[in-house]
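1. coords please:
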Amino acid sequence: MPPGILPIQALKSAVRDGWIKAPQAPDIRDDQFQPASLDLRLGPKAYRIRCSFLPQDRTVAEVLPELSMYEVDLERQGILERGNVYLIPLMESLALPDALKGRTNPKSSTGRLDIFTRVITDRSHRFEEIGAGYHGPLYLEVVPRSFTVRVTPGLSLNQLRLVTGDPRLDDAELADLYARECLLFDGTGRPVPPADTLIRDGLFMRIDLKGEGAGKSRIIGYRARRNSDVVDLTKVGAHDAAAYWAPIEAREGTQDHLILEPEEFYIFASRERVRVPPDVAAEMVEYDSGSGELRTHYAGFFDSGFGYGGGGEAEECRGTRAVLEVRPHDVPFRIEHGQVFFKLVYERLTARPDVLYGRGSHYHRQGLTLSKHFR
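-> All right, here's what the predicted structure looks like:
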């Protein structure tokens, strides 16, 4: 198998071969498969724990009794309180071959709700990374930061990618890809010339603080309101956005900057529109821990075909904006329009996916978009 991320057809084969299992749950559903990832499902029980942890040289089950405060039956009362730390065994488990490893990331809706999640495996020293050849269960640490949420068994908050070798494109390969298929477009859909891009261990992107709309007032972001009602993650389009989010407007004649308050949660959009060609996938990563005391993303996977047409036709769509989830820490932090804010790492796949990111997705051709739960 060549180095790369496994596409949807290989993930389905991995299920048939027993590399991905759901031994105590219904069969893995077709709607769990994405072009280059698999949605993982919450099991029926959550544990309220005192703190986050890594098991190091023990299993999670061995450490859990030392930290567990009480259990939550997600079928009867799946309320996860804001600010609490929970550990939830997932329905899926793994039996990977020696050459195959895994990576996990929150789903887009999870990140936009400020739900901090990360996968833990037995005898692990790192979050979100699953060692090559891992055999064992998967656990999800869940911390709702802005809102108390309701979940149920079978709900997906995070995604799994399976990887062989080193799939990342180096700078020369990424520059060559950009030359062949433009990856960034400005707000009007015009290609960003290669000379105006910054490639350094990934493709850098900037934040938009001006907005796309016309007129004297435009929404450029949202700030999560404190002490809001419960967000029911089983209901799409059921919550009034105004009750949970305060819009941030850009006005004509004002300076193009904004001061973010510490430990507040914000949603913004990228200045550029981005594309992910069908033969690669991408992941949003922090580009420099010294660039500011703020967390600039939660959900990082970008599937093959993001920013293209539904069938991978590049001419249909000249890129899609990336949504940025931002939480400053410790001190107020000033940001400016066009400031470099994050980068995308592009990675090769072992084969082109049979299905691409497209029209059926909630965030296809998105602008500044809240999670699918709000209207």
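2. Any stretches of the chain with poor pLDDT?
-> Along the chain, the model assigns pLDDT under 70 to residues 212-217, 251-255, 287-299, 309-317, 359-366.
3. Got the domain ranges for it?
-> 4-164, 171-348 (automatic domain parsing).
4. first to last residue in the shortest one, what's the distance?
-> Terminal residues of domain 4-164 lie 5 Å apart, using Cα to Cα, to the nearest Å.
5. and what of stretch 271-283?
-> Taking Cα to Cα, stretch 271-283 runs 17 Å from one end to the other.
6. Could I get the buried residue list for it?
-> Using 16 or more other Cβ atoms under 10 Å as the test for burial, stretch 271-283 gives 271-283. Bear in mind the C-beta positions are built from the backbone N, C-alpha and C, glycine included.
7. Look up which residues are beta-bridged to D39.
-> Q159 (DSSP bridges).
8. So it is in contact with R161, correct?
-> No. At 11.3 Å, D39 does not count as touching R161 under the criterion of Cβ atoms under 8 Å.
9. Mind checking which of these two has more residues around it?
-> Neighbours of D39 and R161, each counted by other Cβ atoms under 10 Å, are more numerous for R161; the result is 24 against 18.
10. tell me the SS of that one?
-> Using DSSP: H, G, I helix; E, B strand; the rest coil, the secondary structure recorded for R161 is strand.
11. I figured it hits A36, correct?
-> Yes. Under the criterion of Cβ under 8 Å, R161 makes contact with A36 at 6.3 Å.
12. Need the residues touching each of those two.
-> A shared contact of R161 and A36, defined by Cβ atoms under 8 Å, 6 or more residues apart in numbering, is any residue touching both; here these are 5-6, 281, 301.
13. May I ask which two of the residues you listed are separated the most?
-> Spatial extent of the shared contacts of R161 and A36 (Cβ to Cβ) is set by the pair L6 and F301 at 13.2 Å.
14. neighbour-wise, which of these two wins?
-> For L6 versus F301, neighbours defined as other Cβ under 10 Å are more numerous around L6 (27 against 24).
15. you'd agree the more buried one is up against D17?
-> No. The pair L6 / D17 is not scored as a contact, 11.6 Å apart, by Cβ under 8 Å.
16. Where does L87 fall, secondary structure wise?
-> Taking DSSP states H and E as the criterion, L87 maps to strand 85-95.
17. That strand: what's the following helix or strand?
-> The element immediately downstream of strand 85-95 (helix or strand, assigned by DSSP H and E) is strand 100-106.
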